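Engineer: Have a look at this fold, sequence not included:
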């Protein structure tokens, strides 16, 4: 968010001090050089400079709300010209109203109109262009920071996942299952090794990719779920349904993985019953919807479910990618926990920018 | 005959233990259990000599289950979690096997225990296991809930539901909205295992959930009373008062 000019303390003070200093200088010049009487000189100086300060503040403030994408310099110059006209009209009318009896001064005021206009125009235009550059810079810096955070976060998520999720329980428990299978069902052990390799290779390969096709992501999740199926016998069943038309849709990699991991963690690890995890994908209004459902037992759940690393990092990533907070929804009734992710499609995204 | 029970939520993991046990005909596996609840029932029923126990399991984990066991058998942990394993090695439990483990490693662990059994002919493993539990309790694994047994049923209390803990002879009284529960533990056990941000030892006999406090009143000289949301009053001693203030961020 761009700071409003008046909330910036240094800007406020600079404006006040500058106005005050020029008010003094201008007043002294009017008295010493143009030989105006002190009362008229100070009034002239005060009216011109206070109104000028107001005009400067106005242009600075307005540009923080609205800057056209095209023809921004033409816009600023026209805007400042209009503003200068208004400023000069207001100042001159006010001074003439005060001092209409003093014809010498009124004449002087008329004669100095072009000079006032040029000086006022230069000040206001200068301020307008400076504000434009300033706001552009702030915006650029924010964009950059957002991009950097996004990159860092996805890197961290990947590292965290590899370190915390895969190594301690998933990977070693899978190897332990393979160890058991080698003695009794060697063919199955071999299949498990291959599936584990596919899954791990997928994890490594996808690190640099920004977008990945939905079927690829679902295939990857299927490997993961298949491994869990071997580990937990026939206690886990899965249902993965992708509607027609979703084959060409894209999504950021590693987004669905933590959701499915959560589903496994709360749906499977926390119970001894047979359970089903459902993944559904569909398209609506050029938006990809992916829904993951797992059964869960509210009586046994740890409190604050859903604020864990998984879901909060997904919400954060979706915000960083699309600047929207409404792309992750969770809901639960007594028995089923539902996570819904919406992914705007990339060509749609480029239009928005 | 040596009676054994295997407790693990993965069938294939139990299978490995069974397979490795084939070299020990004197060991009989009486039951295989899927989780801590089943395990607890089986232990009461069979009074086993040794447990092969996983840590991460549905409902209650291995450590929480052992806290509820009255006649402690010897325990060999089998787990993929290294964090707890390292601690276990330090306190020298019967053993702590990291999955996947080899047959050699398993046999060595069991043989060590069998040798000790025959030489002393007593259950010397109990102190080891108890010590292991005390140390492991300090891990974040179970610090967000307390498991108690009431009328033979297991109850899981999330720590934020706890109002305060009060010493009661050999037990600690855990006071919650639903009423008090007793657990055969020491005050210092809870002082160490509960989050110090949330719980303060405000008195020799009291540990207080600071989120439940609504106000603090002076009481006699140098002492205070903490008034909880439900109106209960908990004494705060002279030494406990600064701890309460720290926990409340004052």
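Structural biologist: Received it, and whenever you're ready, just let me know what you need. These figures come from a predicted structure and were not determined experimentally. Numbering: from 1, shown residues only, chains lettered A, B, ... in the order given.

Engineer: how close does residue A:198 sit to chain B?
Structural biologist: 20 Å (Cβ to the nearest Cβ, to the nearest Å). For the C-beta atoms, the positions are set from N, CA and C on the backbone; glycine is no exception.

Engineer: Which helix runs longest in chain B?
Structural biologist: Secondary structure of chain B per DSSP state H: the longest helix is helix B:103-120.

Engineer: Tell me which residues are up against that helix.
Structural biologist: B:2, B:17, B:20-21, B:23-24, B:27, B:50, B:74, B:76, B:94-95, B:97, B:124-125 (Cβ atoms under 8 Å, 6 or more residues apart in numbering or on different chains).

Engineer: out of those, which are inside strands?
Structural biologist: If you go by DSSP state E, the contacts of helix B:103-120 have B:2, B:27, B:50, B:74, B:76, B:95, B:97 in strands.

Engineer: mind putting the residues you listed in a markdown table, neighbour count included?
Structural biologist: Formatted as a markdown table, the ones in strands among the contacts of helix B:103-120 follow (neighbours: other Cβ atoms under 10 Å in any protein chain shown):
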| residue | neighbour count |
| --- | --- |
| B:2 | 16 |
| B:27 | 16 |
| B:50 | 21 |
| B:74 | 23 |
| B:76 | 22 |
| B:95 | 22 |
| B:97 | 22 |
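
Engineer: Can you tell me which of these is nearest chain A?
Structural biologist: For the ones in strands among the contacts of helix B:103-120, the closest approach to chain A (Cβ to the nearest Cβ) belongs to residue B:97, at 10.1 Å.

Engineer: isn't that closest one right next to residue B:76, touching?
Structural biologist: Yes - using Cβ atoms under 8 Å, residue B:97 is in contact with residue B:76, at 6.4 Å.

Engineer: lowest-confidence helix or strand of the chain?
Structural biologist: Went with chain A since none was named. Lowest by mean pLDDT, DSSP states H and E among the helices and strands of chain A is helix A:346-352, with a mean of 51.

Engineer: meant chain B actually
Structural biologist: Lowest mean among helices/strands of chain B [mean pLDDT, DSSP H and E]: helix B:125-136, a mean of 55.

Engineer: Beyond that one, next helix or strand please.
Structural biologist: Going down the chain from helix B:125-136, the next helix or strand is strand B:145-150, by DSSP states H and E.

Engineer: Give me the distance from that next one to the chain's centre.
Structural biologist: Chain-centre distance of strand B:145-150: 10 Å, with Cα atoms, centre = their mean, to the nearest Å.

Engineer: Whether the following helix or strand past that strand contacts chain A - can you check?
Structural biologist: Beyond strand B:145-150 on the C-terminal side, the first helix or strand identified by DSSP H and E is strand B:153-158. Yes - interface with chain A: strand B:153-158 contributes B:156, B:158 (Cβ under 8 Å from any Cβ of the partner chain).

Engineer: ditto for stretch B:78-86
Structural biologist: Yes - interface with chain A: stretch B:78-86 contributes B:80-83 (Cβ under 8 Å from any Cβ).

Engineer: For residue 156, grab the count of nearby residues.
Structural biologist: Going with chain A. Each residue near residue A:156 was counted by other Cβ atoms under 10 Å in any protein chain shown, and the total is 11.

Engineer: other chain: chain B
Structural biologist: Neighbour count of residue B:156, defined by other Cβ under 10 Å: 16.

Engineer: That one touches residue B:144, doesn't it?
Structural biologist: No - using Cβ under 8 Å, residue B:156 is not in contact with residue B:144, being 10.3 Å away.

Engineer: Name the nearest residue to residue 59, ignoring sequence neighbours.
Structural biologist: Just so you know, I chose chain A. The shortest distance from residue A:59 to any non-neighbouring residue, by Cβ to Cβ, 6 or more residues apart in numbering or on different chains, is to residue A:128 (4.7 Å).

Engineer: Please refer instead to chain B.
Structural biologist: residue B:35 (5.1 Å).

Engineer: What ranges does the stretch 251-353 of chain A have for its helices?
Structural biologist: Using DSSP state H, counting those that start in this stretch, the helices found in the stretch 251-353 of chain A span residues A:256-264, A:309-322, A:346-352.

Engineer: ranking those helices by burial, who's on top?
Structural biologist: Among the helices of the stretch 251-353 of chain A, the stretch with the highest mean neighbour count (mean count of other Cβ atoms under 10 Å in any protein chain shown) is helix A:256-264, at a mean of 23.

Engineer: what angle do that one and helix A:309-322 make?
Structural biologist: Here the directions of helix A:256-264 and helix A:309-322 differ by 150 degrees (axes from the mean of the first three to the mean of the last three Cα atoms, to 10 degrees).

Engineer: Can you show me the helices along the chain?
Structural biologist: No chain specified, so I'll use chain A. Secondary structure of chain A by DSSP H: the helices cover A:9-32, A:38-65, A:72-98, A:103-111, A:113-160, A:172-184, A:186-205, A:214-231, A:256-264, A:309-322, A:346-352.

Engineer: switch to chain B, that's the one I care about
Structural biologist: Going by DSSP H, chain B shows helices at B:11-20, B:36-46, B:62-67, B:82-91, B:103-120, B:125-136, B:187-193, B:240-248.

Engineer: Next, format those as CSV and append distance to residue B:234 and mean neighbour count.
Structural biologist: Formatted as CSV, the helices of chain B follow (distance: least, Cβ to Cβ, whole Å; neighbours: other Cβ atoms under 10 Å in any protein chain shown):
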stretch, distance to residue B:234, mean neighbour count
helix B:11-20, 45, 21
helix B:36-46, 32, 19
helix B:62-67, 25, 23
helix B:82-91, 33, 16
helix B:103-120, 45, 15
helix B:125-136, 26, 18
helix B:187-193, 14, 16
helix B:240-248, 10, 17
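
Engineer: re the thing from before, and which of the residues of stretch B:78-86 next to chain A is nearest residue A:58?
Structural biologist: In terms of Cβ to Cβ, no member of the residues of stretch B:78-86 next to chain A lies closer to residue A:58 than residue B:83, at 61.9 Å.

Engineer: mind checking the backbone torsions on residue A:232?
Structural biologist: phi -110, psi 20 (degrees, to the nearest 10).

Engineer: For it, give me its contacts.
Structural biologist: A:268, B:9-11.

Engineer: switch to 7 Å and redo it
Structural biologist: Shown in contact with residue A:232 (Cβ atoms under 7 Å, 6 or more residues apart in numbering or on different chains): A:268, B:10.

Engineer: just the one 10 residues further on next, same as before
Structural biologist: Residue A:242 sits next to A:214-215, A:218, A:281 when contact means Cβ under 7 Å, 6+ apart.

Engineer: tally of neighbours for the residue in the stretch 251-353 of chain A positioned nearest to chain B?
Structural biologist: Closest approach of the stretch 251-353 of chain A to chain B (Cβ to the nearest Cβ) occurs at residue A:272, with a separation of 4.4 Å. Neighbour count of residue A:272, defined by other Cβ under 10 Å: 17.

Engineer: right, and it touches residue B:35 too?
Structural biologist: Yes - using Cβ atoms under 7 Å, residue A:272 is in contact with residue B:35, at 5.2 Å.

Engineer: nearest residue to residue 27 other than its sequence neighbours?
Structural biologist: I'll assume chain A. Once flanking residues are discounted, residue A:27 sits nearest to residue A:45: 3.9 Å by Cβ to Cβ, 6+ apart.

Engineer: that's the wrong chain, I meant chain B
Structural biologist: residue B:2 (4.7 Å).

Engineer: what about the one you found, distance to residue B:50?
Structural biologist: 7 Å (Cβ to Cβ, to the nearest Å).

Engineer: Check residue B:223 too.
Structural biologist: Between residue B:223 and residue B:50 the computed distance is 50 Å (Cβ to Cβ).

Engineer: what ranges of the chain fall below the confidence cut-off?
Structural biologist: Since you didn't name a chain, this refers to chain A. Scanning chain A for pLDDT under 70 picks out A:1-7, A:155, A:158-168, A:206-208, A:298-310, A:347-353.

Engineer: wait, chain B
Structural biologist: B:85-93, B:120-143.
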